[in-house]
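Chemist: test case, fold it:
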Amino acid sequence: FHLASAGDDAALNIWDYRNGKEPIFTRTDHSHWVWTVRYNTYHEQLLLTGSSDARALLTSAAGVCDDEEGLRISQVLEDGVLQSYEQHEDSVYCAEWSAAEPWSFASLSYDARLVISRVPLHFKYKILL
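Modeler: This next block holds a predicted model:
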């Protein structure tokens, strides 16, 4: 029941669309407009954002996610930026998770630089174990 949004306020917001008056999760870790936000298909607590500040951020929103048994995932992973990817020299306009492998993703910047990255192993193992 969650929807992620981003915009020119440099914020990542997650909304519960059953009650859309205010976001249930907000992060302002970018220093300029956020152009893209994507949920991980397999692990909903992981989000990617791309911004005009030339960074792609891997963020955890575990505090608003439940596992299959209804337990809060935040007991395993804290909310906030997990990793900042700064290989771009211009605005990051697109970030997409791999359709074939849940721990890989790509980011694309205005200068046509495509960067392939992975979730760091220690976060992967925290989620899986």
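
Chemist: does T28 touch N13 like I think?
Modeler: No - judged on CB atoms under 8 Å, T28 makes no contact with N13 at a distance of 9.6 Å. To be clear about C-beta, it is placed using only N, CA and C from the backbone, and glycine gets the same treatment.

Chemist: of those two, who's got more company?
Modeler: Just comparing T28 and N13: by other CB atoms under 10 Å the higher neighbour count belongs to N13, 19 against 11.

Chemist: next, that one: phi, psi?
Modeler: Main-chain dihedrals, N13, degrees, to the nearest 10: phi -120, psi 140.

Chemist: repeat for F105
Modeler: phi -150, psi 170.

Chemist: look up how far L47 lies from the nearest residue to it once chain neighbours are set aside.
Modeler: What sits nearest to F105 in space, not counting adjacent residues and going by CB to CB, 6 or more residues apart in numbering, is W97, at 4.8 Å. Using CB to CB, to the nearest Å, W97 is found at 10 Å from L47.

Chemist: more neighbours, the two?
Modeler: Between W97 and L47, L47 has the larger neighbour count (other CB under 10 Å), namely 24 against 21.

Chemist: and what about the nearest residue in space to that one that is not next to it in sequence, helix, strand or coil?
Modeler: Distances taken as CB to CB, 6+ apart place T59 nearest to L47, at 4.8 Å, with adjacent residues excluded. With DSSP: H, G, I helix; E, B strand; the rest coil as the basis, T59 sits in strand.
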